[in-house]
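K.L.:
Quick one, what's the 3D model for this:
(chains A and B)
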Number of protein chains: 2
Amino acid sequence: MSIKFELLKKSKECQARLGKISTTHGEIETPIFMPVGTQATVKTMSPTELESIGAQIILSNTYHLYLRPGHELVKEAGGLHTFMNWKRPILTDSGGFQVFSLAQLREISDEGVTFRSHLDGSKHVFSPEKSMEIQMALGSDIAMAFDECAPYPCSYEDAKKAMERTTKWAERCLKYHDHPYQVVFGIVQGSIYKDLRIQSAKDITSLDFPGYGIGGLSVGEPKPVMYEVLEEMMPFLPENKPRYLMGVGSPDCLIEGVLRGVDMFDCVLPTRIARNGTVLTSRGKLVIRNAQYARDFSPLDPECDCYACKNFTRAYIRHLLKADEVLGIRLTTIHNLSYLINLMAKIRQAIREDRLLDFAQEFYEKYNS
Amino acid sequence: MSIKFELLKKSKECQARLGKISTTHGEIETPIFMPVGTQATVKTMSPTELESIGAQIILSNTYHLYLRPGHELVKEAGGLHTFMNWKRPILTDSGGFQVFSLAQLREISDEGVTFRSHLDGSKHVFSPEKSMEIQMALGSDIAMAFDECAPYPCSYEDAKKAMERTTKWAERCLKYHDHPYQVVFGIVQGSIYKDLRIQSAKDITSLDFPGYGIGGLSVGEPKPVMYEVLEEMMPFLPENKPRYLMGVGSPDCLIEGVLRGVDMFDCVLPTRIARNGTVLTSRGKLVIRNAQYARDFSPLDPECDCYACKNFTRAYIRHLLKADEVLGIRLTTIHNLSYLINLMAKIRQAIREDRLLDFAQEFYEKYNS
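P.N.:
Numbers count the residues shown, from 1 in each chain, chains lettered A, B, ... in the order given. Now for the predicted structure:
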């Protein structure tokens, strides 16, 4: 197995943990936020910029890379790290979630999922084995097991079926997977049903993966429901393995996840809202396209020291966004990713110093002011 | 006067010159290519990247900045340098060419030009005085006189009228202009008519501007015609002032312009074709979007050491372009601008060593191979 997880510290106040994941491509401090590079690029960013803002690991999408440029081409290029010139760790998703949410005409059976590409309507089949084959070709450091993510809302029966299928598929993934350094994380499903979540956690952890994804959350359910599910299932995940809450990335959810014992997060939120002209700041979200910022010559966030905040004003960035200039979305993206990466660094420091609860309270007071 | 032009060397082989322009915001080596930053940004590039590829001066557009965000706002921000955080010299055009080519419903009189904005149809008037007022508010280092650029083809009579009006407007520009460090360059017009060009050169240079633009070329006429006009008029431009061939930027035109005594160039070509997926290389243009580059793991130009060429392959950049990823057009833009900036550095070196004719021949042999 080519990753190692060290649990460096458990908070004295809550379930939060401090850890370190070592991979072939370097180390990752946890808790960590992973920027999303769907198509072998974190939208608008260069790998050099990602490094300079302190991104330690990025996520890329199996479904997208399979369709374009194709995993064989990426393999021929020397793998995803070489193809996109990103030297640090990469996690790839399984393609499952994307197939369910993006592809058309999907049919699910125990064998796998038949779907049509959102690009050209061509027909494809994803199975646990196919997902592993693609992720092995991509050569990410962490691959995810191919799972069935139940939608929200979802009946108990449907959630149970998806959960059971996810376990069977997890076994097939492990059986098929064979790679010199890549490891596979299992995924816990079970929708919002407590007993299903616990059953799934028991079943999946019995397969002894080196880490566990928590799937099927942040798919439309209220946040308090997500937090409750996390609290209920966390005791059934082993302490000595990283826990990854998939698709979660708003500042409040990151804090609440960490408080409940989550180690890893990913989300398109910071990069997507950046392209719509919204920035995350220590005083909450700002819609920087708004007219009120036309003559505002202060930085996006006076407390931030990213490239955008050190060099440009709200007025200039607003002008770029209004004029559809690429530099505008580059700067809002740099800022939003820096903001979340810096937030996670502060969270780690607060865990280290056993003051995460105070940190959280201060954060909310300011963010909501 | 706040710029100084030093003629460092005259080629022994041809009309080429080596010079240095000193401005409040730094020095410019000539011959020079100026990247175009229409809307207070060179499309897709950050100012830091522009500096790192060796851009010594950029051009920005009066017409665009007047309409959005407005020159008063830019002035309030501390001027264009501060607004966009570009510390090196800036040249602004007069808005004349843009009004003639972009705006709608324009009416030209001796007083000025009435036009409707291409953004919202609102009605505006540009006059020599208005163009000076806007450029003074922007605070560029070099402003251009407000001229009437005749289209191509153009009758002798129309070209004569535009040329004569350009002279009258040049006088009004000089009379109105008043700025602590900004200077105004006059513009020679006269279409492709030899006697009009010579008359215009005599009239405009009699006003004793610190530099001269050559306008109304590269507007559709065949290249040999442009070269001939340059040759005919150049003896009538003073040797001790910089000569700026406006809107010219293909590699061959840069070389031919320098051979005929031009010191400054600007063009949207390198950045525009970059966004369409075409790159300039030592072996000619490549349409990198083409299928033949899908599995080409070599750099855009093996002889280039720009960020794009040192770090990424044609296959990856093609993938980014096909997937509409911003990093794709960022990389092709960085490369194309680097290519032209490096070409100009090589041209300056060749002038210095009196081997520009050999350099040009070698360049063409390779570029057309």
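
K.L.:
so how many other residues sit close to A:Glu171?
P.N.:
Using other C-beta atoms under 10 Å in any protein chain shown, A:Glu171 is surrounded by 16 other residues. Bear in mind the C-beta positions are built from the backbone N, C-alpha and C, glycine included.

K.L.:
That one belongs to a helix, doesn't it?
P.N.:
Yes: under DSSP: H, G, I helix; E, B strand; the rest coil, A:Glu171 sits within a helix.

K.L.:
right, and it touches A:Ser206 too?
P.N.:
No: A:Glu171 is beyond contact range of A:Ser206, at 10.0 Å (criterion: C-beta atoms under 8 Å).

K.L.:
What degree of burial does A:Gly220 show, as a neighbour count?
P.N.:
A total of 10 residues lie near A:Gly220 under the criterion other C-beta under 10 Å.

K.L.:
For the residue in the stretch 51-200 of chain A that chain B sits nearest to, give me its contacts.
P.N.:
Going by C-beta to the nearest C-beta, chain B is nearest to A:Pro69 of the stretch 51-200 of chain A, at 4.4 Å. Contacts for A:Pro69 (C-beta atoms under 8 Å, 6 or more residues apart in numbering or on different chains) come out as A:Ala40, B:Ala294, B:Ala315, B:His319, B:Lys322.

K.L.:
Could you check how many residues crowd around the second one?
P.N.:
So that's B:Ala294. 15.

K.L.:
Give me the phi and psi angles of it.
P.N.:
Backbone torsions of B:Ala294, given as degrees, to the nearest 10, read phi -60, psi -40.

K.L.:
Just the pLDDT for it.
P.N.:
Looking at B:Ala294, its pLDDT stands at 98.

K.L.:
how close does it get to A:Phe146?
P.N.:
27 Å (C-beta to C-beta, to the nearest Å).

K.L.:
what's the neighbour count on A:Glu107?
P.N.:
Using other C-beta under 10 Å, the number of residues around A:Glu107 comes to 9.

K.L.:
Repeat that for the one 5 residues further on.
P.N.:
Other residues within reach of A:Gly112 by the criterion other C-beta under 10 Å amount to 22.

K.L.:
contacting residues around it?
P.N.:
A:Gly112 touches A:Val125, A:Phe126, A:Ser127, A:Pro128, A:Lys130, A:Phe146, counting by C-beta under 8 Å, 6+ apart.

K.L.:
Buried ones among these?
P.N.:
A:Phe126, A:Ser127, A:Pro128, A:Lys130, A:Phe146 (16 or more other C-beta atoms under 10 Å in any protein chain shown).

K.L.:
Narrow those residues to those in strands?
P.N.:
Applying DSSP state E to the buried ones among the contacts of A:Gly112, the entries found in strands are A:Phe126.

K.L.:
Chain B next: which of the buried ones among the contacts of A:Gly112 are close?
P.N.:
When C-beta under 8 Å from any C-beta of the partner chain is taken as the criterion, no member of those contacts chain B.

K.L.:
what would the buried ones among the contacts of A:Gly112 look like in JSON lines with pLDDT?
P.N.:
Shown next, in JSON lines, are those (pLDDT from 0 to 100):
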{"residue": "A:Phe126", "pLDDT": "96"}
{"residue": "A:Ser127", "pLDDT": "97"}
{"residue": "A:Pro128", "pLDDT": "98"}
{"residue": "A:Lys130", "pLDDT": "98"}
{"residue": "A:Phe146", "pLDDT": "98"}
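
K.L.:
Can you tell me which residues in the stretch 201-350 of chain A are near chain B?
P.N.:
Close to chain B, as judged by C-beta under 8 Å from any C-beta, the stretch 201-350 of chain A has residues A:294-295, A:297, A:307, A:311-313, A:315-316, A:319-320, A:322-323, A:325-327, A:329-330.

K.L.:
Of the contacts of A:Pro69, keep whichever come out buried.
P.N.:
Neighbour-count burial (16+ other C-beta under 10 Å) applied to the contacts of A:Pro69 gives A:Ala40, B:Ala315, B:His319, B:Lys322.

K.L.:
chain center to stretch A:266-282: distance?
P.N.:
Its chain's average C-alpha position is 14 Å from that of stretch A:266-282, according to C-alpha atoms, centre = their mean, to the nearest Å.

K.L.:
Likewise for stretch A:352-364?
P.N.:
That offset, for stretch A:352-364, works out to 23 Å (C-alpha atoms, centre = their mean).

K.L.:
Buried residues of that stretch, list them for me.
P.N.:
A:Leu356, A:Phe359, A:Ala360, A:Phe363.

K.L.:
Of the buried ones among the contacts of A:Gly112, which is the nearest to B:Ser101?
P.N.:
Using C-beta to C-beta, A:Phe126 comes nearest to B:Ser101 of the buried ones among the contacts of A:Gly112, at 51.3 Å.

K.L.:
still on that earlier bit, now distance to A:Ile273 too, for the buried residues of stretch A:352-364, in a markdown table please.
P.N.:
Compiled in a markdown table, the buried residues of stretch A:352-364 are given as follows (distance: C-beta to C-beta, whole Å):
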| residue | distance to A:Ile273 |
| --- | --- |
| A:Leu356 | 26 |
| A:Phe359 | 23 |
| A:Ala360 | 22 |
| A:Phe363 | 19 |
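
K.L.:
and A:Pro210, how many neighbours does it have?
P.N.:
If you count neighbours by other C-beta under 10 Å, A:Pro210 ends up with 18.

K.L.:
how close does A:Ala360 get to chain B?
P.N.:
Distance of A:Ala360 to chain B, computed by C-beta to the nearest C-beta, to the nearest Å: 35 Å.

K.L.:
whoops, A:Leu269 was the one
P.N.:
From A:Leu269 over to chain B the distance is 18 Å, taken as C-beta to the nearest C-beta.

K.L.:
all strands of the stretch 101-250 of chain A, in order?
P.N.:
Secondary structure of the stretch 101-250 of chain A by DSSP state E, counting those that start in this stretch: the strands cover A:104-108, A:113-116, A:123-126, A:142-144, A:183-188, A:212-214, A:243-245.

K.L.:
Lowest average pLDDT across those?
P.N.:
Of all the strands of the stretch 101-250 of chain A, mean pLDDT reaches its minimum on strand A:104-108 (a mean of 84).

K.L.:
Need the CA coordinates for that strand. PDB is fine.
P.N.:
The C-alpha trace of strand A:104-108 is given here as PDB (Å, rounded to 0.1, in the frame of the first residue of the first chain):
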ATOM      1  CA  GLN A 104     -28.100  11.000 -20.100                       C
ATOM      2  CA  LEU A 105     -30.300   7.900 -20.400                       C
ATOM      3  CA  ARG A 106     -28.500   6.000 -17.700                       C
ATOM      4  CA  GLU A 107     -29.500   2.500 -16.800                       C
ATOM      5  CA  ILE A 108     -28.300   0.900 -13.600                       C
END
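
K.L.:
Mind listing the strands it pairs with, and their directions?
P.N.:
Partners of strand A:104-108 in the sheet, by DSSP bridges, are strand A:113-116 (antiparallel).

K.L.:
Grab the nearest non-local neighbour of A:Gly186.
P.N.:
A:Phe209 (3.8 Å; C-beta to C-beta, 6 or more residues apart in numbering or on different chains).

K.L.:
same question, A:Leu138
P.N.:
What sits nearest to A:Leu138 in space, not counting adjacent residues and going by C-beta to C-beta, 6+ apart, is A:Leu80, at 4.5 Å.

K.L.:
Beyond the top helix by length along chain A, next helix or strand please.
P.N.:
Longest among the helix segments of chain A by residue count, using DSSP state H, is helix A:326-352. The first helix or strand that comes after helix A:326-352 along the chain, using DSSP states H and E, is helix A:356-367.
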